[in-house]
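[1] Return atomic coordinates for the entry below.
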Amino acid sequence: LIDTVPSVGDNIAVAQVASLVGAAVGAVGHKQARLAALIQGTGQVAEAVGVLLVVFHRLLEVLGNLFAVILFQLVGVELDIQRADGVVALGRQGDVLVQVDHLKKYFPVKGMKGPGVQAVQDVSFFIKKGETLGLVGESGCGKTTLGRTIIRLHEPTGGKIVYDGETIYDNPLGPDGKPLGKEKAVNMLPYRRKMQIIFQDPSASLDPRMTVGEIIGEAIDIHKLAQSKKDRSDMIKELLGKVGLNTEHANRYPHEFSGGQRQRVGIARALAVDPEFIVCDEPVSALDVSIQAQIINLLNELQDKYKLTYLFISHDLSVVEHISDTVGVMYLGNLVEYGAKEDIFRNPLHPYTKALFSAIPIPDPKVKMNRIVLEGSIPSPANPPKGCKFHTRCANCMACCKEEAPVQREIEPGHFVCCHLYDK
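    The predicted model follows:
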């Protein structure tokens, strides 16, 4: 088929090349050089690469990951496979911004033997550039601790954190919890410009003795971003404008603002150093519904404009569905389900995820809700149960659930779950 294609001239559009490439997929193994010439002949490399990615996405569905990887190697497109405990990010190099592998965070308890409070236990996932990972789960499951540990406001106990291809923390632990090698932890000051956080409670996170200008300007001073006092003042005014505040607000104190305005100040502070990745720790949970919508829309606008990457932590599943590209569900320190937003909301797999989603209110009094009510006691993270941590509350509990912890499995492309119900 490829042999019958004429040489590509100026009068052949990239869209036509796309159809030719799609039709010629089966012959690529035999005629990869001709296909490469086809793509190069358009003179529009960026569009041609886009065409390849569309074809590749379709191949993933039809042929599976293995054949797609072979195809792209044949036509010379460089691939990077990132693995995080079974979670695979497949795409062009540089797609993944944040990758977490077997991350653990324990808080020692005085007078208690053992690791103490196991706030984050063996969590693995990745976030692609420009995307949002929504993290949901009930209070105390470790969402905030996970976010703070990724940017190392809390020092990890073990695991690996990779930011934009660079390892910023690495301390692999064995099954007994002992380190397998020497801990690697880089100086975080250069990464503070790239990784920021928006705290849950703006009232508690803003210094009441400093003006808004001083709060925002502190980050500018630490990283020496302003050449003069005038530059510093101009940067502060520009940041206030970005988040919808007036320039005269720079001279006010936090108590002089409403809750929504204080949260905007927190966002401006996070943006002061021009970051790439922001942990949004329940940024709208303390606000009323109308203000929530304003803050969510602001975060979306900033992401589109500055190509930001978010880890969005929330209890509100409707907000997570609105803002997220991928969704992770946490229970008692573990990531029990992870996948694309559409897959998670269309087909939740883990019994805890199903119970969580059944609690979403439906704004129609005629619709009967099939609420799944969890029974049993909530285990303590300081003394979690053996095996699956959810087995004490799970209606589908089996004998193996009480003895063996489930491993992360890919049930459908990009959709991962930790549950013995899906063991093969």
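
[2] tell me the pLDDT at residue 372?
    Here, the pLDDT recorded for residue 372 equals 83.

[3] Any chance you could give me stretch 302-319 in PDB, C-alpha atoms only?
    Taking C-alpha atoms only, stretch 302-319 is exported to PDB below (Å, rounded to 0.1, in the frame of the first residue of the first chain):
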ATOM      1  CA  LEU A 302      -4.100  30.000  35.500                       C
ATOM      2  CA  GLN A 303      -3.400  26.400  34.400                       C
ATOM      3  CA  ASP A 304      -4.400  27.100  30.800                       C
ATOM      4  CA  LYS A 305      -2.400  30.400  30.700                       C
ATOM      5  CA  TYR A 306       0.800  29.200  32.500                       C
ATOM      6  CA  LYS A 307       0.700  25.500  31.700                       C
ATOM      7  CA  LEU A 308       0.700  24.500  35.400                       C
ATOM      8  CA  THR A 309       0.500  21.000  36.800                       C
ATOM      9  CA  TYR A 310      -1.800  20.400  39.800                       C
ATOM     10  CA  LEU A 311      -2.200  17.800  42.600                       C
ATOM     11  CA  PHE A 312      -5.700  18.700  43.600                       C
ATOM     12  CA  ILE A 313      -6.800  17.400  47.000                       C
ATOM     13  CA  SER A 314     -10.500  17.500  47.900                       C
ATOM     14  CA  HIS A 315     -13.400  15.900  49.500                       C
ATOM     15  CA  ASP A 316     -15.900  17.300  47.000                       C
ATOM     16  CA  LEU A 317     -16.100  14.700  44.200                       C
ATOM     17  CA  SER A 318     -18.100  17.000  41.900                       C
ATOM     18  CA  VAL A 319     -15.200  19.500  42.100                       C
END
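
[4] Mind listing what's buried along it?
    Using 16 or more other Cβ atoms under 10 Å as the test for burial, stretch 302-319 gives 302, 303, 308, 309, 310, 311, 312, 313, 314, 316, 317, 319. Heads up, the C-betas are built off the backbone N, CA and C, glycines and all.

[5] right, and the third one touches residue 277 too?
    By that I understand residue 308. Yes - contact criterion Cβ atoms under 8 Å: residue 308 and residue 277 qualify, at 7.4 Å.

[6] quick one on the thing from earlier: narrow the buried residues of stretch 302-319 to those in helices?
    302, 303, 317, 319 (DSSP state H).

[7] now the buried residues of stretch 302-319 in CSV, with pLDDT?
    CSV is the format used below for the buried residues of stretch 302-319 (pLDDT from 0 to 100):
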residue, pLDDT
302, 94
303, 95
308, 96
309, 97
310, 97
311, 97
312, 97
313, 96
314, 93
316, 86
317, 88
319, 90
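
[8] Out of the residues you listed, the closest to residue 237 would be?
    Nearest to residue 237 among those is residue 302, at 17.0 Å by Cβ to Cβ.

[9] That closest one: what's its closest spatial neighbour, skipping adjacent residues?
    residue 308 (6.0 Å; Cβ to Cβ, 6 or more residues apart in numbering).

[10] what about residue 124, helix or strand, and which?
    strand 117-128 (DSSP states H and E).

[11] swap that for residue 230, sorry
    helix 229-242.

[12] The helix or strand following that helix packs against which elements?
    Going down the chain from helix 229-242, the next helix or strand is helix 259-271, by DSSP H and E. Where contact means 3 or more Cβ pairs under 8 Å, 6 or more residues apart in numbering; DSSP states H and E, helix 259-271 is packed against strand 195-198, helix 202-205, helix 212-222, helix 229-242, helix 289-306.

[13] Kindly recompute the last result at 6 Å.
    strand 195-198, helix 202-205, helix 212-222, helix 229-242 (3 or more Cβ pairs under 6 Å, 6 or more residues apart in numbering; DSSP states H and E).

[14] Out of those, flag the one nearest residue 355.
    Across the helices and strands packed on helix 259-271, closest to residue 355 is strand 195-198 (Cβ to Cβ), at 28.6 Å.

[15] Quick one: mean pLDDT for that closest one?
    Mean predicted confidence for strand 195-198 is 96.

[16] if you skip the residues just before and after it, what's nearest to residue 403?
    residue 387 (5.0 Å).

[17] sorry, that was for residue 197
    residue 279 (4.3 Å).

[18] What helix or strand is that neighbour located in?
    With DSSP H and E as the criterion, residue 279 is inside strand 277-281.

[19] what's the spacing between that strand and its chain's center?
    Taking Cα atoms, centre = their mean, to the nearest Å, one finds strand 277-281 lying 9 Å from the centre of the chain it belongs to.

[20] what is the orientation angle of it with helix 289-306?
    170 degrees (axes from the mean of the first three to the mean of the last three Cα atoms, to 10 degrees).
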